[in-house]
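J.: Need a 3D model of the following:
(2 chains)
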Amino acid sequence: MADIDLSSIGKTFAGTPALQDITTRFDDGAFIALLGPSGCGKTTLLRILAGFEEPTAGSLHIGNREMANAQTGANLPPEQRNIGFVFQSYALWPHMSVRRNVSYPLEIRGLSRAETRRNTDAALASTGLERYADRMPSDLSGGQRQRVALARCLVSDPCAVLLDEPLANLDVALRATMQGVFTDFHKRTGATMVYVTHDQAEAMAMADRIAVMDQGRIQQFDTPQNLYERPKNRFVAEFVGRGTVVPVQQFRTDGTAQQARILGTEVSVQSAQHAARVSHVCLRPENLTITETGHLRSKVARVTYMGGKYLLETVTDCGARLFAETRARFDVGAQLGLTITTPWAFSED
Amino acid sequence: MMSATKHQGGSRSEDRLLSAILVLAICLTLAPVLRLFVEGVTDQGSPSLGLMRDVLAQPSTLGALKHSLVTAGFGTLVSLVLGSAFAFLVALTDLRAKAALVFCLMIPMMIPPQITALSWTQIMGPSSVLLKTLGIAPPLGAKQPLYSPEGIIFLLGIQHMSIIFLTLRAGLRAIPQDVVEAARISGAKGLRTWWQVVMPLTLPSLAAGTAITFVTALGNFGIPAMLGIPAGYATLPTLVYQKLAGMGTTVLAEVSVLAMLIGAVAVAGILVQRLFQSRQKLHLVGSTSRPLALPLGAARLPVEICLWAVVFAILVLPMFGLLATSLVPAYGVSLRLDTVTLASWYEVLFRQPVTSRAFTNSFGLAAGASVALMVICLPLAWLMERRQTRLARLFDSLLDLPYALPGVVLSIAMILLLIKLPFTEATLYGTIWIIFLAYIARFFAVMFRPVQASLKQFDPAMDEAAQSVGASLYRRLRDVIFPLSAPAAAAGAILVFLTAFNELTVSALLWSSGTETLGVVIFNLDDSGETGMASALAMTIVLVVIVLMALIQLFSRRFPKGVVPWQT
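T.: As a prediction, this is how the structure comes out:
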């Protein structure tokens, strides 16, 4: 087990930058999610950690071993990194039984037969696969295949486990179960896990910390709560959770109280400490209350039933689209008043 | 994102291994072609086009060129008509027993051309045993109608119709069913759908198939040799053969110019084919999961009878001719219960030393080439798929050349390259090794392409998973990649074996006493008038071919898509 250190990692494919200046540290034993829209570079970053790609700039350390360094051209091949990798397609070897798939890493390491058998049995037991040991991968369901892939990458006790959208090919119900399997597994083994996904609910549910990526950069690396409640910039505010970013027209601090003029009304806002100035606020449904006397007049444009509550998409007089939640039903076209309560403000260039 | 990252990364040991195998493969396949080119444009070591000018000005060259173009051109036309009729009917309509029909249509391509020619001469002409037996033989002294340009054209057409059939059928299968259904919903009926929707979409594959058929017909040696030489009608490949057989290696420089001439026409054809094939990739979006089956209605039975009658005429009838000839005591005797004898079979299979020698040679060459090619192609195809270096891509685009170029061209190139080994006085000319190396070069693509097709469908994560658990390149090749591509490699090996076993064009110029191949023996037996023995041997080979093809067919379900050539 070891920390993962990335310093100024960059990667270009045929002149097109896929990753730019990634400097961060994944702590030992943490469950990290890399979250972002497709094409943001998250899979590339994961494959650099595994050694399938070489960075074109910067260096990578796992523990005190240097894995890759673009300056010296050093790059430890994947087979020497002792890292586990779970693929989106599972990548089980179709010509080997479940047991052989799981025991293969030990075979490579030249363990004795008895030891191989003991460790394999343990890995199969911890993923609940004892009964399927002699089946072929083609006889298994999607969830079972994913468990085999997990067992295979655990059996050799890797210093980190990398997961590339492992649940993307499973149905919704199975996804929830497998999320449980992953978190349980993480708790039990304490392995460092780096998990790539484009599904924020998945990232929020499992990860200790999430790196939100866009256009080859980490936009914010934080806890799930902070990402939602205290986004650093417009991209994070709009990508994580439901929210509308609107510009701040006027801003003044008065000791600890911060006041801003938004959509023509004066409201108190929250922002990072010592923020000299802010330019935008993020309005989430929690920041909006529907009141008769609300000073922000708006019209209901769309109503979506969310089970127990309704999501209203409203348009204000000045044209901004805001999302509000309510237990009462409104019709499309209804006029209502909104009150804004302490939204999160940030500075965006 | 995956596609952009797929071919990067990995270890340096892969780079080293790739370079080593790639250099070996280039030496084996492309060096002879290069050597031939150098020969044509130099005269005793200095660049010169003088020889080329002289040879091209000879009337025999121009005559042979004209004959080649005429027979290959019209032969392609015959293939086009037959092959496309079958392809459209099989791919688009609800005919029954399609699999059997396709299998039968593949047999002409797999039967060596000299046997095709031999079998057809046995059902025509005044001395045909079959016609005599049936009492409908033309009077003695009448001409054998196949010893003519028309005969060559007709047989070339039949021999190569499978190529048109296969490429067109593959193109038709790529047409999404909904495209045709949309036309029908819009009100287009039967032939109109075919003409306005299906035809325009298949034109590229039809054109590509036509070009490759032309090139193959141009390089064909067996048919013009068996039919044209008796008629005094020389094509370029037979002219090369006659010159080399008559005057030995003294005319090597001259025939290499002829070989280059054939090569130039062939390359033009290949370029046309590439052009059309690249156009093909543009359109066609949609599901192709279900093959089309437009109902023929009441016409179905008559159409089926018609198609099977054609199959009977081009496949079964000539075989009857061969069989009849092989069962009579002397050529020209009619086959009756009291004349039937297995003497020819016994003589050729068990008594003639040349046959058993040729059988050993052909078997050894074919098996050796299959194994050697498997050993080279498996790792090479894998590494080229993983690491697309510029050299690897260049090789990928050129490796079909020794197979696509007419066999005569390759043989001349091989002689030039190996008649005097560099830095020594030794020669490989006249030994079995020159044939072996020529087979390696010629059948490289036959082995490489199926393996490549199967590896293209291979999930790179399979290999990366093994890499991430610590398996070295050697372990990954042994434990993951070889087992998974073994079926494709087996199919490739059987195909190489099948083609090499019957091959004539290459060995016709390279054999010498003691290194005869089966193809050469049949050709020589027929040439020396031993038609009965030639027929018996040819029948044996046809049986071997059909058994091997049936074997592939039997295991075809275990192969990935695109591996078995008649199931693409």
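
J.: Which residue, neighbours along the chain excluded, lies closest to residue B:383?
T.: In space, and not counting its chain neighbours, residue B:383 is closest to residue B:18: 4.1 Å by CB to CB, 6 or more residues apart in numbering or on different chains. For every residue, glycine as well, the C-beta is placed using N, CA and C.

J.: A helix includes the one you found, no?
T.: Yes. Under DSSP: H, G, I helix; E, B strand; the rest coil, residue B:18 sits within a helix.

J.: ok, it touching residue B:392?
T.: Yes. Using CB atoms under 8 Å, residue B:18 is in contact with residue B:392, at 6.9 Å.

J.: what's the overlap in contacts for those two?
T.: Common contacts of residue B:18 and residue B:392 (CB atoms under 8 Å, 6 or more residues apart in numbering or on different chains): B:383-384.

J.: May I ask which helix or strand encompasses the closest residue to residue B:96 other than its chain neighbours?
T.: Among residues not flanking residue B:96 along the chain, residue B:304 sits closest, at 6.7 Å (CB to CB, 6+ apart). Element membership of residue B:304 [criterion: DSSP states H and E] is helix B:300-311.

J.: name the helices or strands packed onto that helix?
T.: helix B:59-92, helix B:98-110 (3 or more CB pairs under 8 Å, 6 or more residues apart in numbering or on different chains; DSSP states H and E).

J.: mind putting those in JSON lines, distance to residue A:87 and mean pLDDT included?
T.: JSON lines is the format used below for the helices and strands packed on helix B:300-311 (distance: least, CB to CB, whole Å; pLDDT from 0 to 100):
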{"stretch": "helix B:59-92", "distance to residue A:87": "37", "mean pLDDT": "92"}
{"stretch": "helix B:98-110", "distance to residue A:87": "36", "mean pLDDT": "83"}
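
J.: Just name the most buried of those helices.
T.: Here the criterion is mean neighbour count by mean count of other CB atoms under 10 Å in any protein chain shown, and of the helices and strands packed on helix B:300-311 the winner is helix B:59-92, at a mean of 20.

J.: List the buried residues in whatever helix or strand comes next after the helix holding residue B:304.
T.: Tracing the chain past helix B:300-311, the next element assigned as helix or strand by DSSP H and E is helix B:317-326. Of the residues in helix B:317-326, B:318-326 count as buried by neighbour count, 16 or more other CB atoms under 10 Å in any protein chain shown.

J.: Go ahead and confirm residue A:312 touches residue A:326.
T.: Yes. Between residue A:312 and residue A:326 there is a contact under CB under 8 Å: 6.2 Å.

J.: Show me whatever sits in contact with both of the two.
T.: Residues touching both residue A:312 and residue A:326 (CB under 8 Å, 6+ apart): residue A:290.

J.: More neighbours: which of the two?
T.: residue A:312 (26 against 17; other CB atoms under 10 Å in any protein chain shown).

J.: For that one, pull up the helix or strand it's in.
T.: Residue A:312 belongs to strand A:310-316, assigned by DSSP H and E.

J.: Okay, now the sheet partners of that strand, with direction.
T.: Using DSSP bridges, strand A:310-316 pairs in its sheet with strand A:296-305 (antiparallel), strand A:321-326 (antiparallel).

J.: could I get those strands as TSV with mean pLDDT?
T.: Converted to TSV, the strands paired with strand A:310-316 look like this (pLDDT from 0 to 100):
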stretch	mean pLDDT
strand A:296-305	90
strand A:321-326	90
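
J.: Ok, which of the ones you listed comes nearest residue A:51?
T.: Closest to residue A:51 of the strands paired with strand A:310-316, according to CB to CB: strand A:321-326, at 43.0 Å.

J.: With just CA atoms, put that closest one into CSV.
T.: Written as CSV, here are the backbone C-alpha positions of strand A:321-326 (Å, rounded to 0.1, in the frame of the first residue of the first chain):
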residue,chain,number,x,y,z
ARG,A,321,-33.9,29.3,-15.8
LEU,A,322,-34.0,28.2,-12.1
PHE,A,323,-34.8,24.8,-10.6
ALA,A,324,-37.0,24.5,-7.5
GLU,A,325,-38.4,21.6,-5.6
THR,A,326,-41.9,21.4,-4.1
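
J.: tell me which residues of that strand are tucked away?
T.: A:322-326.

J.: List the buried residues in the next helix or strand after that strand.
T.: For strand A:321-326, the following helix or strand on the C-terminal side (DSSP H and E) is strand A:335-340. Residues A:336, A:338, A:340 are the ones in strand A:335-340 that count as buried (16+ other CB under 10 Å).

J.: angle of strand A:335-340 against strand A:296-305?
T.: Per axes from the mean of the first three to the mean of the last three CA atoms, to 10 degrees, the angle that strand A:335-340 makes with strand A:296-305 is 100 degrees.

J.: Would you state the strands of the stretch 101-250 of chain A in chain order?
T.: A:160-164, A:192-197, A:209-214, A:217-222, A:244-247, A:250-254 (DSSP state E, counting those that start in this stretch).

J.: Quick one: list the elements packing against the last one.
T.: In this structure, strand A:250-254 packs against strand A:257-262, with contacts taken as 3+ CB pairs under 8 Å, 6+ apart.

J.: Pull up the pairing partners for the very next helix or strand once past the strand it packs on, direction included.
T.: Scanning forward in sequence from strand A:257-262 by DSSP H and E, the next helix or strand is strand A:265-268. Using DSSP bridges, the strands paired with strand A:265-268 are strand A:257-262 (antiparallel).

J.: List the buried residues for the partner strand?
T.: Using 16+ other CB under 10 Å as the test for burial, strand A:257-262 gives A:258, A:260, A:262.

J.: re earlier: could you dump the helix holding residue B:304 to CSV, C-alpha only?
T.: Extracted in CSV, the C-alpha atoms of helix B:300-311 (Å, rounded to 0.1, in the frame of the first residue of the first chain):
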residue,chain,number,x,y,z
ARG,B,300,-38.4,-20.0,-56.0
LEU,B,301,-38.4,-23.6,-57.1
PRO,B,302,-37.6,-22.9,-60.7
VAL,B,303,-34.7,-20.5,-59.6
GLU,B,304,-33.4,-23.1,-57.3
ILE,B,305,-33.5,-25.8,-60.0
CYS,B,306,-31.7,-23.4,-62.3
LEU,B,307,-28.9,-22.6,-59.8
TRP,B,308,-28.3,-26.2,-58.9
ALA,B,309,-28.3,-27.2,-62.5
VAL,B,310,-25.5,-24.7,-63.1
VAL,B,311,-23.6,-26.0,-60.1
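
J.: Now do that helix and helix B:317-326, the angle between them.
T.: Using the same axes, to 10 degrees: helix B:300-311 against helix B:317-326 is 40 degrees.

J.: to the chain's geometric centre, what's the distance from helix B:300-311?
T.: Its chain's C-alpha centre and that of helix B:300-311 lie 27 Å apart, by CA atoms, centre = their mean, to the nearest Å.
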